[in-house]
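Undergrad: only geometry, no sequence info:
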């Protein structure tokens, strides 16, 4: 009997068994995350036992592209239990395309049932674009409204990098590809090209404001086009909002338009934050690492997964 040989064989057998159960446990864990994510995001929640209601939803913080949020909003349009929507907004805006996508989702709701917006602290830039989908916009006297326009910000570290001897070498197929760059001087041609794009996006935003808010006074349009912000008391004077007030005013407006009923809170995000789609490849790799399993091979599948 070879004691050491038997020990090695036994150790290998145990290691394989442990690895097997680690993989099984990880798979079960991922499955639970998926099921819980579906449950908490509302996929398994039915409205069958709920009487028709007025939906109350809140939008806050930076507006980024969120397909799940936009789909959830769009679903309000064909949900027979939802009679109307009160949207509370407290946001400084966000990405251009994301704000437009949110506006389109809200507009699809407003086309089939009443949608009223109530502004809290801030309803500016992309958040104001989203608000314009509503039939009626309400804000407090001191709410910050407006900031109609578009901007691009790029941090330029070229001079600092030069001082410490750092230089980035770039090979590009076209002279304007991937410009502006953090570590390169901004060529005038790039600046002009960016300005054209910013102007075009800004003009679309302004045209949406004049159309949706029925503003035709050239002086008012010029003032709005500066990108300045307005207090609620100023915004109502130039038709950016319809009324000074709060949710009570929204309920009264709905009542005047034939909609009454209980108000039910709905979330635009998954409750609990458990959604498989929100997990990055690096999350799975880190979980794999915590199980004590080598993942060097997996890095070939997800290169750069830990460089976020």
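TA: Noted; the coordinates are in hand. Since the structure is predicted, the reported quantities are computational estimates derived from the model, not experimental observations.
Undergrad: Which parts of the chain are helices?
TA: Along the chain, the stretches classed as helices by DSSP state H are 3-40, 67-75, 96-110, 126-131, 158-163, 188-212, 218-225, 232-237, 247-256, 281-290.
Undergrad: How far away from the center of its chain is the fifth one?
TA: Just to be clear, that refers to helix 158-163. Centroid separation for helix 158-163 versus its chain: 34 Å, with CA atoms, centre = their mean, to the nearest Å.
Undergrad: now do stretch 236-246
TA: Distance of stretch 236-246 from the chain centroid (CA atoms, centre = their mean) equals 26 Å.
Undergrad: Return the set of buried residues in it.
TA: By 16 or more other CB atoms under 10 Å, the buried positions in stretch 236-246 come out as 236, 238, 239, 240, 241, 242, 243, 244, 245. Placement of C-beta: from N, CA and C, glycine included.
Undergrad: ok, the residues you listed vs residue 51, which is closest?
TA: residue 245 (26.8 Å; CB to CB).
Undergrad: so what pLDDT did the nearest residue to that closest one once chain neighbours are set aside get?
TA: Nearest residue to residue 245, sequence neighbours excluded (CB to CB, 6 or more residues apart in numbering): residue 138, at 5.0 Å. Looking at residue 138, its pLDDT reads 98.
Undergrad: neighbours around residue 138, how many?
TA: Number of residues near residue 138 (other CB atoms under 10 Å) recorded here: 26.
Undergrad: which residues does it contact?
TA: For residue 138, the contact set (CB atoms under 8 Å, 6 or more residues apart in numbering) comprises 116-119, 241-246, 249-250, 253.
Undergrad: Could I get the average pLDDT for stretch 150-160?
TA: 82.
Undergrad: how about TSV for the contacts of residue 138, with pLDDT and distance to residue 50 added?
TA: Compiled in TSV, those are given as follows (pLDDT from 0 to 100; distance: CB to CB, whole Å):
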residue	pLDDT	distance to residue 50
116	98	21
117	98	24
118	97	23
119	95	28
241	97	32
242	97	30
243	97	29
244	97	33
245	96	28
246	95	25
249	96	26
250	96	21
253	96	23
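Undergrad: Strands - which of the residues you listed land there?
TA: Using DSSP state E, the subset of those located in strands is 116, 117, 118, 119, 243, 244.
Undergrad: where does the stretch 151-300 of the chain have low pLDDT?
TA: For the stretch 151-300 of the chain, the stretches flagged by pLDDT under 70 are 269-300.
Undergrad: centroid residue for the protein?
TA: Geometric centre of the chain, nearest residue: residue 64, 3.0 Å, by CA atoms, centre = their mean.
Undergrad: Test my guess that that one contacts residue 96.
TA: No. Here residue 64 does not reach residue 96: they are 11.0 Å apart, not a contact under CB atoms under 8 Å.
Undergrad: returning to that earlier point: between the ones in strands among the contacts of residue 138, which is closest to residue 103?
TA: Minimum distance to residue 103 across the ones in strands among the contacts of residue 138 is 11.5 Å, recorded for residue 117 (CB to CB).
Undergrad: now that closest one, which residues is it bridged with?
TA: Taking DSSP bridges as the rule, residue 117 bridges to residue 87, residue 137.
Undergrad: residues in contact with it?
TA: 86, 87, 88, 89, 123, 131, 134, 136, 137, 138.
Undergrad: Include distance to residue 50 when you put those residues into CSV, please.
TA: Compiled in CSV, the contacts of residue 117 are given as follows (distance: CB to CB, whole Å):
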residue, distance to residue 50
86, 17
87, 20
88, 21
89, 25
123, 30
131, 27
134, 24
136, 25
137, 28
138, 26
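Undergrad: are any of those buried, and which?
TA: Neighbour counting with 16+ other CB under 10 Å marks 86, 87, 88, 89, 123, 131, 134, 136, 137, 138 as buried within those.
Undergrad: Residue 235 against residue 241, yeah?
TA: Yes. Between residue 235 and residue 241 there is a contact at 4.7 Å, judged by CB under 8 Å.
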